[in-house]
Structures are given as structure tokens and as C-alpha cells.
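Peer 1: everything below, folded, please.
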Amino acid sequence: MLVAAAVCPAPPLLVPPVATGAAGELADARTACSDALAVLAAARPDRLVVVGPADPGEGGPYPQGTRGGFHGFGVDVEVRLGEPPTDPRSGPPLPTSLAVAAWLLDHTAWSGAPVEGLGVEEPLTTARCLETGRELAARAERVALLVMGDGSACRTLKAPGYLDERAEAFDEAAAAALGAADLPALAALDADLAAELKAAGRAPWQVLAGAAEGADLEGRLLYEDAPYGVGYFVAAWS
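Peer 2: Numbering: from 1, shown residues only. I've put the predicted structure just below:
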């Protein structure tokens, strides 16, 4: 059963060496992420699953100890998802969203439950997202989720997706649902509209909605902003 969840944005700019001189611009977001991760630790889960958006071909499970990094962004920073396994095996590296999560966990001194990852590709339907969440929640008696993902990328003229007048309303609805742990509202997010607005968090958020069914968790929105024209939210459910 799901006992706690943290929702964090997934831009590589959260990692200060990637952001370089702009690192201070997301300092509040990093602080909020640390606060959300503290809620996960306080719940004392048996298992932590990190869920985040993945590019085509990157979807699927990532076991504890999987490596990732930010070399593609011009910095020599490597991360690992949780402690190294006793029988390390080679495999594909972490998607960027899960690498950001691994960095957050490492820099909040996560030392709780075993950690594993799940990359979720954008085209995953709402129904399949919800079912995936139910499956994750049934994996252990006490499951926690760290859910990575951004809102729309169309909030300003300089945003990655340019300005779309529908973006602000979409982000407001998503932020309200995440802050209130409103499962029907998360499930109702339009997948086609989310894709048009480049909202990479839609599928992971709907996985969370499925996992939280029957858990009766309460939510708190810890951070909401749209730097760089992209909606970023941090929420904690417990």
C-alpha cells in the first residue's frame, strides 16, 4: 500500500553543476524537494519507487544501483539510484528524470528503504498509468513513491514550447490536484492536451493517482512556479 509520496520537477537545472551560474534560480525548488523527501523518510517505507518520464525506448524498470549522469549537459557528474547492489549488472543508464531523482536522494542523504526506478514513456494511456500505479502500490506492505515530472513547457514566449494560452490553466489544474491529493482530478488530466503542452509530468502523476487509490493520503503543495516558462511543482502526500 502507498504510505507516502513526493512530487518533484525533473529539470537537469536542479543539479547545480548543470545550472552553473543559474543554480540560485532553483534554490527554493531544491529546498522544497528536500522537504518533500523528508516526508518520505518519515513514513518509513519498505520500498521506494522513483517514477519519471522517459524518452521512447527508455521506459521500464531500473533496479537499485543503476547509474546515470549528466554528461550530455556538459558536466562530469554521475549518480547512482540507491546503494550499489550486491551483484551489480550492466544495463542501460537512468533516464534524465530518474538521474535528477537520484541526485536529489543522494543530496538529502536518503538511507531508508531499497530504491528502484520506473521510466514512463509519454504515450502511456491514462488507464495504463493508473493500472501501473496500482501494481506498484501492491509491491510491498509500505510503498513510497518519488514522482518526477514537469508541467507545461509553454508558459512564455521563450519557453521550450513557445507560448500556448492553454498552458496556465493546465498547470493550475495540475498544481491544485497535486496539492490536494485529488485522484480523480489527476486521472482527468487530458493526455493529448498534456502532449501538446509538452507537460512531461502527466503520465507519472497519473501513475501516482493509481497507486494512491484507497490510501486516503493528504497532500500539500510546497512549491509552484514557472521559471523558464515551464511549470514546476513540489508536493508531499502522507
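Peer 1: now the residue nearest to Trp205 when sequence neighbours are not counted, what's its secondary structure?
Peer 2: In this structure, Trp205 finds its nearest non-sequential neighbour in Leu186, 5.2 Å apart by CB to CB, 6 or more residues apart in numbering. C-beta coordinates here come from the backbone N, C-alpha and C atoms, glycine included. Assigned with DSSP: H, G, I helix; E, B strand; the rest coil, Leu186 falls in the helix class.
Peer 1: pLDDT value on Ala23, please?
Peer 2: With respect to pLDDT, Ala23 has a value of 66.
Peer 1: ok, how many other residues are close to the residue nearest to Trp205?
Peer 2: As a burial measure, Leu186 scores 25 neighbours (other CB atoms under 10 Å).
Peer 1: for it, give me its contacts.
Peer 2: Residues near Leu186 by CB atoms under 8 Å, 6 or more residues apart in numbering: 174, 177-178, 205-206, 208-209.
Peer 1: let's see 6 Å
Peer 2: Leu186 makes contact with 177, 205-206, 209, according to CB atoms under 6 Å, 6 or more residues apart in numbering.
Peer 1: against Ala215, how distant is Val79?
Peer 2: Relative to Ala215, Val79 is positioned 29 Å away (CB to CB, to the nearest Å).
Peer 1: neighbour count winner among the two?
Peer 2: Of the pair Val79 and Ala215, Val79 is the one with more neighbours under other CB under 10 Å, namely 22 against 17.
Peer 1: helix or strand for the more buried one, which one?
Peer 2: Per DSSP states H and E, Val79 falls inside strand 78-80.
Peer 1: which residues are in contact with that strand?
Peer 2: With CB under 6 Å, 6+ apart as the criterion, strand 78-80 contacts 67-69, 99, 102-103.
Peer 1: CA atoms of stretch 69-85 as PDB?
Peer 2: Extracted in PDB, the C-alpha atoms of stretch 69-85 (Å, rounded to 0.1, in the frame of the first residue of the first chain):
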ATOM      1  CA  GLY A  69      24.700  11.100 -15.300                       C
ATOM      2  CA  PHE A  70      24.700  14.500 -16.900                       C
ATOM      3  CA  HIS A  71      27.500  14.200 -19.400                       C
ATOM      4  CA  GLY A  72      25.100  15.200 -22.200                       C
ATOM      5  CA  PHE A  73      24.700  18.600 -20.500                       C
ATOM      6  CA  GLY A  74      28.400  19.200 -20.400                       C
ATOM      7  CA  VAL A  75      29.200  18.300 -16.800                       C
ATOM      8  CA  ASP A  76      31.100  15.300 -15.400                       C
ATOM      9  CA  VAL A  77      28.500  14.300 -12.800                       C
ATOM     10  CA  GLU A  78      27.500  10.700 -12.200                       C
ATOM     11  CA  VAL A  79      24.800   9.400 -10.000                       C
ATOM     12  CA  ARG A  80      23.500   6.000  -8.800                       C
ATOM     13  CA  LEU A  81      20.000   5.100  -7.900                       C
ATOM     14  CA  GLY A  82      20.400   4.000  -4.300                       C
ATOM     15  CA  GLU A  83      23.100   1.800  -2.900                       C
ATOM     16  CA  PRO A  84      25.000  -0.400  -5.300                       C
ATOM     17  CA  PRO A  85      23.600  -3.900  -5.500                       C
END
